[in-house]
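Undergrad: sharing a model prediction with you, sequence too.
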Amino acid sequence: MAGVDVWPVVHNERKALAADLAPLSEAQWSATSLCPKWTVRDVVAHMAGTAQITPASFLPKLIGSGFSFERLQTKGIAANLGNTGADTLSHFEEIITSEKRPPGPKDTILGETIIHSEDIRRALGLAHEYPPDAVVELADFFKGSNMIIGTKNRISGLRLTASDTEWVHGSGPEVSGPMLSLLMAMTGRKAVLGDLSGDGVATLRERA
């Protein structure tokens with residue numbers, strides 16, 4: 001499959017997310033996202049912070065955070081949070097067309113954008129149609145990786161089958177459902193497991 005042209009997708013998805021965020025109340029900004037430790041505001045601030053990191057600045061920032069990815073993320077959130085949801089959105093809007101990213105494949109920033117956008121929207125009950133080819137590319141990207149997210153171990157011994165596109169991976173007890181929900185489950189989001197069916201869902205729930 002031809003690779004997705006990452007930056008146009010990332011820019012379009014950031015722009016669409018900003019439009020969805022604009023009318024939020026402070027209570028909605030404070031809602032817990034699909035990342036249990038982070039509110040909606042935290043996730044948006046994290047996305048803004050990640051889009052300000054370059055390969056050259058990444059190592060100094062990591063060293064300054066005691067080689068802790070969690071501490072690095074916490075600093076990025078704090079720097080882009082502001083005092084209100086409007087402040088956070090303003091910081092995010094500044095990076096909509098940014099092409100800065102930490103070291104690694106471009107699919108990493110594509111995943112940051114789509115998965116975290118859904119972390120936010122799902123928590124707020126907002127529906128959005130993501131580019132199907134981008135969602136499939138991310139599933140193919142994460143399925144063989146244990147880096148940070150641990151997807152390869154999470155889905156080991158399971159057969160994942162998309163119900164809305166031709167995508168299948170692995171063998172073993174079945175897990176089937178929409179491609180986006182499979183991607184979110186593969187990356188550890190328990191909240192989407194109700195979208196999925198099959199004998200393998202229980203195993204996936206234990207590993208999420």
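TA: Received it, and whenever you're ready, just let me know what you need. Note that this is a predicted model, so its numbers are computed, not measured.

Undergrad: quick check: chain neighbours aside, which residue is closest to residue 177?
TA: Using C-beta to C-beta, 6 or more residues apart in numbering and skipping residues adjacent in sequence, the residue nearest residue 177 is residue 196, 3.8 Å away. (Each C-beta comes from the backbone N, C-alpha and C, glycine too.)

Undergrad: report the distance from stretch 16-31 to the chain centre.
TA: When C-alpha coordinates are averaged (C-alpha atoms, centre = their mean, to the nearest Å), stretch 16-31 and its chain have centres 17 Å apart.

Undergrad: need the helix or strand of the chain with the lowest average pLDDT.
TA: When the helices and strands of the chain are compared on mean pLDDT, DSSP states H and E, helix 55-64 comes out lowest with a mean of 88.

Undergrad: what comes up buried for that one?
TA: 61-62 (16 or more other C-beta atoms under 10 Å).

Undergrad: beyond that helix, next helix or strand please.
TA: helix 69-81 (DSSP states H and E).

Undergrad: CA atoms only: put that following helix into CSV for me.
TA: Provided in CSV are the C-alpha atoms of helix 69-81 (Å, rounded to 0.1, in the frame of the first residue of the first chain):
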residue,chain,number,x,y,z
PHE,A,69,9.6,10.4,29.0
GLU,A,70,6.8,11.0,31.6
ARG,A,71,8.6,14.0,33.0
LEU,A,72,9.3,15.3,29.5
GLN,A,73,5.6,15.0,28.7
THR,A,74,4.6,16.7,31.9
LYS,A,75,6.8,19.7,31.2
GLY,A,76,5.4,20.0,27.7
ILE,A,77,1.8,20.0,29.0
ALA,A,78,2.6,22.6,31.7
ALA,A,79,4.2,24.9,29.1
ASN,A,80,1.1,24.8,26.8
LEU,A,81,-1.7,24.6,29.3
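
Undergrad: contacts made by it with the rest, please.
TA: Helix 69-81 is touched from outside by 38, 41-42, 44-46, 48-50, 52-53, 61-62, 65, 87-88, 91-92, 148, with contacts defined as C-beta atoms under 8 Å, 6 or more residues apart in numbering.

Undergrad: and the next helix or strand past the helix ranked longest in the chain?
TA: When the chain is parsed with DSSP state H, its longest helix is helix 106-124. Reading on from helix 106-124 to the C-terminus, the next helix or strand found by DSSP H and E is helix 132-142.
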